[in-house]
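Chemist: structure, please.
(one chain, ligands or ions: 1)
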Amino acid sequence: MKYTVKDFNADFPNDAACLDYLFKNRWPDGGKCKCGKSNCFYPVNDRRSYACSWCGAQIYPAAGTIFHKSETSLRTWFFAIFLMSSSKNGVAALELERQLGVTYKTAHRMGHKIRELMKNGNTMLSGIVEADETYIGERISNMHKSKRPQKRSGLNDKTPVIGILERGGNIQAKVVGEVKRETLLPNIVENVQKGSFVCTDENFSYRGLRKAGFLHNTVQHQKRQYVFGNAHTNSIEGFWSQLKRSINGTFHHVFCFPFSAFCFHFVPLA
Ligand SMILES: [Zn+2]
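Modeler: Numbers count the residues shown, from 1 in each chain. Coordinates of the predicted model:
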């Protein structure tokens, strides 16, 4: 389950690869230009932007993120996030300075911003919220063992991902070891404002949401009660399928990089 420096170097050899990663997270279906064309964007050389091949309009995958307007390279930022998310005890600014080859002042500022992001403190979801879980690609533990395709045995070989979506707002998704009550419930309590209306499927793990101070409505998929007023999970299920399409092939590997959890904060709803 370890994502090593070697993996990092293979996935993110340069700034262009980092920008491409942000682009794919933000526009998993390739994006749609204001001129009406879709799937029309190409990366602009030496700029943090993509341009439409029909009308030339530019879009900025890093806009609204901590990387935007920073003079520090994307790859340096990504590597800092890699270091900080793979260490349980935190990484001191001095260590970042040494590993990244930046000034102490820059290392300190970067460390601060990344820690803020990891805390999620100011991105509590609220209003009508959908929570759901899904299984993607191969299990992380299988990925680096062998280049040959692994034998699959249903869900056991897939990576569980849990997510919460605020309708008209942000999405938070992250890779977890196992989908169970101990992961699902605290994830909602920590990231959703009390009193919000939470829609989930009938997974037993979500029992206890009312007790925890939320309005809770379950969607009974077996009974084909897919849409009942506001009580549905269609938006997050749409997000899952978009995500799965975009991470076919090699991209599923990248998805398991812990960094993906941050990217989803910036995925705007269509
Ligand atoms: Zn265009």
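Chemist: give me the number of neighbouring residues for residue 20.
Modeler: 17 (other Cβ atoms under 10 Å). C-betas here are computed from N, CA, C, even on glycine.
Chemist: that one reaches residue 43, doesn't it?
Modeler: Yes - using Cβ atoms under 8 Å as the test, residue 20 is close enough to residue 43 to be in contact (6.9 Å).
Chemist: which SS state does the residue nearest to residue 92 when sequence neighbours are not counted fall under?
Modeler: The shortest distance from residue 92 to any residue other than its chain neighbours is 7.8 Å, reached at residue 111 (Cβ to Cβ, 6 or more residues apart in numbering). Taken by DSSP: H, G, I helix; E, B strand; the rest coil, the conformation at residue 111 corresponds to helix.
Chemist: residue 111: what's it in contact with?
Modeler: By Cβ atoms under 8 Å, 6 or more residues apart in numbering, the contact list for residue 111 reads 80, 84, 91, 92, 93, 96.
Chemist: pull the CA atoms of stretch 107-115 into PDB?
Modeler: Provided in PDB are the C-alpha atoms of stretch 107-115 (Å, rounded to 0.1, in the frame of the first residue of the first chain):
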ATOM      1  CA  ALA A 107       9.200  25.800   2.900                       C
ATOM      2  CA  HIS A 108       7.500  27.300   5.900                       C
ATOM      3  CA  ARG A 109       4.800  28.900   3.900                       C
ATOM      4  CA  MET A 110       4.200  25.800   1.800                       C
ATOM      5  CA  GLY A 111       4.000  23.500   4.800                       C
ATOM      6  CA  HIS A 112       1.500  25.800   6.400                       C
ATOM      7  CA  LYS A 113      -0.800  25.900   3.300                       C
ATOM      8  CA  ILE A 114      -0.700  22.100   2.900                       C
ATOM      9  CA  ARG A 115      -1.500  21.500   6.500                       C
END
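Chemist: next one: that stretch to chain centre, how far?
Modeler: When C-alpha coordinates are averaged (Cα atoms, centre = their mean, to the nearest Å), stretch 107-115 and its chain have centres 20 Å apart.
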